[in-house]
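> Provided below for reference: sequence and predicted model.
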Amino acid sequence: MESLRKAFCLICHGLNSTPQSMHALRDFLNGMGIETKEVVLKGHSGDLSLMKDISALEWEEELLLTYQDIRKKADEAGSPLYYLGYSLGGLLNARIMQKNETVYYDKILLFAPALSLRFTSELGQIFRFLAKEVMIPTFAPKDYRFHNKTSAGAYKALFEILTEVRQNQFKNLNCKTVIFIDPLDELVSYSGLKKLKAKYHFENWEIIPIKKDKSTARYRFRHLILDEPTLGKKTWDFVKEKIKDFL
């Protein structure tokens, strides 16, 4: 019964990531007695054509509606509500927390959140000037990507959200948060996240650097840190223990 659940958790995947890429983390939380609900953003299910017609507002509305559903369940059960986001999922939630001050979580788990990008990632801003249906090849491992290309419209939506979060000076984000990131992440800046924490006095943030095991040679993409195959057993076990301690 829901009333016996320890907690609830809303989960959101990354840009052009398969929703299934979050399932190892989901299953781990379920094993802790945490009921989870996943949001699947437009363009990440069904036909590839859906990715060619995306807006930031649509993604925000999808996440907000899913939040409202699981928030109701958590409140009815008298249980805490957590959030788990990867990459875009971390950024998107920051935006809805800024726009809707009634959106809150007891604790937040983020994996390589797109809140601070490397300079090379920022160059992706040029995609905002392309027609949104233009498709750009992606080099993420095929086991974890939804399509082998990402639309310019999807990149435009991501950078629009990031711009809005920056313009609002990352307000409403100083809640209990653990962030996992590989310092050599190709897309998200580890030093940039640390600077955000210091600049905005996010004393409730804990940023945990992690390093892939040598056994993950097949998944050298350091932005991908979601399960045992992408982290290696030793690091995956470390991440799970940190999550247990935090929640």
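Okay, I see it. Since this is a predicted model, take the numbers as computed values, not measurements. Numbering: from 1, shown residues only.

> need the contact list for residue 222.
182, 184-186, 212 (C-beta atoms under 8 Å, 6 or more residues apart in numbering). Just so you know, the C-beta spots here come from the backbone N, C-alpha and C atoms, and that holds for glycine as well.

> Which residues are in contact with the closest residue to it other than its chain neighbours?
Leaving aside its chain neighbours, residue 222 sits nearest to residue 182 (4.3 Å; criterion: C-beta to C-beta, 6 or more residues apart in numbering). For residue 182, the contacting residues are 112, 190, 209-212, 222-223, 225, by C-beta under 8 Å, 6+ apart.

> so of those, which ones are in strands?
Counting by DSSP state E, those place residue 209 in strands.

> from the contacts of residue 182, which is closest to residue 25?
Using C-beta to C-beta, residue 225 is the member of the contacts of residue 182 that lies nearest residue 25, at 10.3 Å.

> you'd agree that closest one is up against residue 208?
No: checked against C-beta atoms under 8 Å, the pair residue 225 and residue 208 is beyond contact range at 10.7 Å.

> ok so, going back, which members of the contacts of residue 182 are positioned in helices?
Judged by DSSP state H, helices contain the following of the contacts of residue 182: residue 190.

> Looking at the contacts of residue 182, state which has the most neighbours.
Neighbour counts for the contacts of residue 182, by other C-beta atoms under 10 Å, peak at residue 112, which reaches 28 neighbours.

> So that one versus residue 227, what's the distance?
Applying C-beta to C-beta, to the nearest Å, the value for residue 112 to residue 227 is 13 Å.

> now do residue 237
Here the distance between residue 237 and residue 227 works out to 12 Å (C-beta to C-beta).

> Need the residues that contact the longest helix belonging to the chain.
Within the chain, and with DSSP H defining each element, the longest helix by residue count is helix 56-77. Residues from elsewhere that reach helix 56-77 (C-beta under 8 Å, 6+ apart): 2-3, 5, 7-10, 12, 35, 37, 39, 41-42, 80-81, 92-93, 95-96, 99-100, 103, 156-158, 160-161, 164.

> switch to 7 Å and redo it
Outside helix 56-77, the residues that touch it by C-beta atoms under 7 Å, 6 or more residues apart in numbering are 2-3, 5, 8, 10, 12, 37, 39, 41-42, 80-81, 92-93, 95-96, 100, 103, 157, 160-161.

> Buried among those? Make that a PyMOL selection.
Selection of buried members from those for PyMOL, criterion 16 or more other C-beta atoms under 10 Å:
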select buried, resi 8+10+12+37+39+41+42+80+81+92+93+95+96+103+157+160+161
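
> Which of the contacts of helix 56-77 fall in strands?
8, 10, 12, 37, 39, 81.

> so which of the residues you listed comes closest to residue 197?
Nearest to residue 197, judged by C-beta to C-beta, of the ones in strands among the contacts of helix 56-77 is residue 12 at 21.3 Å.

> from memory the closest one sits against residue 92, does it?
Yes: taking contacts as C-beta atoms under 7 Å, residue 12 lies within contact range of residue 92: 6.3 Å.

> show me where this protein has helices.
Secondary structure of the chain (DSSP H): helices located at 23-31, 56-77, 88-99, 119-122, 152-167, 190-199, 228-231, 233-246.

> Reformat those helices into JSON lines and put distance to residue 141 and mean pLDDT next to each item.
As requested, the helices of the chain are exported to JSON lines (distance: least, C-beta to C-beta, whole Å; pLDDT from 0 to 100):
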{"stretch": "helix 23-31", "distance to residue 141": "14", "mean pLDDT": "97"}
{"stretch": "helix 56-77", "distance to residue 141": "23", "mean pLDDT": "96"}
{"stretch": "helix 88-99", "distance to residue 141": "17", "mean pLDDT": "97"}
{"stretch": "helix 119-122", "distance to residue 141": "18", "mean pLDDT": "75"}
{"stretch": "helix 152-167", "distance to residue 141": "18", "mean pLDDT": "93"}
{"stretch": "helix 190-199", "distance to residue 141": "21", "mean pLDDT": "97"}
{"stretch": "helix 228-231", "distance to residue 141": "8", "mean pLDDT": "94"}
{"stretch": "helix 233-246", "distance to residue 141": "16", "mean pLDDT": "96"}
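
> Sounds good, over and out.
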